[in-house]
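Enquirer: using only what follows, build the 3D model:
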Amino acid sequence: MEFHASFLVLLAAGSGIFGGFLGASSACVFPAIFNFGDSTSDTGGIQTAFPTFSQSEFPPYGMTFPGRPFLRYSDGRLGIDFITEALGIPYLSSFFQAVGSNFTTGVNFATAGATSQAVTYISPFSLNVQLNQFREFKQKVLVTGKDMNPRIYSIPDAFSRALYIVDIGGNDFSYGYNRNMNFDQLKAYIFRAVDGIIALVKGVYAEGGRTFLVSDVGPQGCIPYFLTNFPNLRVSYDQAGCAIEFNQVTQHYNGLLKQALSSLRSQLPGSTIIYTNTYDIKYSLTLKAASNGFQFATKACCGIGGNYNYNFAVQCGESKVMAGKTVASTTCKNPSAFLNWDGVHYTEAANRIITRQILSGSFFEPSFPLGMLCTLKNI
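Expert: Numbers count the residues shown, from 1 in each chain. Below is the predicted model of the structure:
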């Protein structure tokens with residue numbers, strides 16, 4: 001793959017503006033963002049690696065923005081897109097994207113289907129693979145920089161001053177459920193996903209990374225995929241219409257992750273490791289969907305009908321013959337009326353609200369003054 005000289009120039013220039021906490025009117029102190037994750041933040045990784053494999057390559061994906069398939073698992077932008085918009089930097093290109101890529105402000109290593117633990121599930125690019133890809137990228141940039149200009153001595157500083165975002169974990173749950181684990185078995189098993197995230201943070205830290213935003217997993221019991229796909233698991237429902245037992249397992253995992261990150265801070269001197277509590281944001285949004293302008297909280301915009309407008313056998317944008325009849329998914333006319341896009345992922349409208357809440361700083365643990373470190377633009 002190709003590495004652009006503009007990335008090197010920006011890293012060298014960007015590292016000079018760090019100098020401690022800056023006021024809200026100052027430029028962002030992070031010269032680059034590196035993102036690790038799954039389909040919740042994949043900006044084209046799985047499509048570039050396996051063309052024609054992903055739903056995101058085809059309509060109706062991208063119908064809201066930019067009006068055509070955008071290689072995102074949504075009708076438009078993802079949370080990572082809104083984060084970069086708020087920070088005033090271009091959308092992150094996938095690590096795999098050699099043609100038309102822009103690595104001037106970072107790289108996205110996320111791929112749809114990725115797991116935190118080192119298993120091949122939907123995607124072979126689990127978190128340990130993404131860590132190796134980061135190492136490869138960093139090494140090539142350093143070597144290229146030395147060849148181009150020996151005076152670009154500040155590149156290592158730029159990598160240490162970059163912001164590292166980790167948004168992954170959901171596929172580790174479905175990996176277990178699809179192997180017929182019950183809720184108690186999942187609780188006993190899911191620590192492996194936590195271990196994968198801790199290993200990534202340690203690995204990036206060893207490469208010089210110091211500032212990490214690590215997201216938890218949202219309320220899976222509110223998502224059509226989990227509400228419909230495991231009929232053998234008996235569940236009860238809360239006032240938001242979410243399956244309580246799925247959410248309890250998710251909360252158990254989030255507690256383990258939060259505890260592990262807290263312990264890790266003392267092990268990695270000079271690190272800033274932030275737990276991002278998206279569970280509370282997403283659950284509150286589901287519970288108060290109507291007051292936030294959404295008509296449907298647990299029903300997908302794109303699907304083939306039923307209580308949740310979701311059937312795993314016929315995904316959004318697909319058409320299949322079932323029982324001798326052609327069954328095709330249909331798409332709602334107004335995705336912004338829905339929290340859920342395709343039975344698994346959120347709509348752009350939901351992603352925008354979720355990201356605004358994240359960037360407010362109220363859901364960072366411990367407190368992290370991102371608004372003081374960077375000028376945050378309206379999204």
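Enquirer: going by C-alpha atoms from here, please, whenever you check contacts or count neighbours.
Expert: OK.
Enquirer: residue 55 - how many residues pack around it?
Expert: Using other Cα atoms under 10 Å, residue 55 has 19 neighbouring residues.
Enquirer: could you double-check that it sits in contact with residue 317?
Expert: Yes. Using Cα atoms under 8 Å, residue 55 is in contact with residue 317, at 7.2 Å.
Enquirer: residue 265 touches residue 273, doesn't it?
Expert: Yes. When contacts are counted by Cα under 8 Å, residue 265 is listed as touching residue 273 (6.4 Å).
Enquirer: the two: which is more packed in?
Expert: Higher neighbour count among residue 265 and residue 273: residue 273, with 22 against 14, using other Cα under 10 Å.
Enquirer: mind listing what that one touches?
Expert: Contact partners of residue 273, counting by Cα atoms under 8 Å, 6 or more residues apart in numbering, are 210, 211, 212, 213, 214, 261, 265.
Enquirer: for it, helix, strand, or coil?
Expert: Following DSSP: H, G, I helix; E, B strand; the rest coil, we place residue 273 in the strand state.
Enquirer: and it, what are its bridge partners?
Expert: Taking DSSP bridges as the rule, residue 273 bridges to residue 212.
Enquirer: so how far is residue 296 from it?
Expert: 35 Å (Cα to Cα, to the nearest Å).
Enquirer: assess the claim that residue 221 and residue 238 are in contact.
Expert: No. Using Cα under 8 Å, residue 221 makes no contact with residue 238, being 9.7 Å away.
Enquirer: overlap in contacts, these two.
Expert: residue 244.
Enquirer: and these two? Which one has more around it.
Expert: residue 221 (26 against 12).
Enquirer: state the pLDDT value of the more buried one.
Expert: At residue 221, the model reports a pLDDT of 98.
Enquirer: confirm that it sits in a helix.
Expert: Yes. Assessed by three-state DSSP, residue 221 belongs to a helix.
Enquirer: follow-up on the earlier one: from the contacts of residue 273, keep the buried residues only.
Expert: 210, 211, 212, 213, 214, 261 (16 or more other Cα atoms under 10 Å).
Enquirer: might you report the residue contacts of the third one?
Expert: Residue 212 sits next to 163, 164, 165, 166, 201, 272, 273, 274 when contact means Cα under 8 Å, 6+ apart.
Enquirer: what about residue 329, neighbour count?
Expert: So residue 329, with other Cα under 10 Å, has 19 neighbours.
Enquirer: show me the contacts for it.
Expert: 302, 303, 304, 314, 315, 316, 317, 318, 319.
Enquirer: for the stretch 1-150 of the chain, give me the ranges with low pLDDT.
Expert: Along the stretch 1-150 of the chain, the model assigns pLDDT under 70 to residues 1-26, 99, 145-150.
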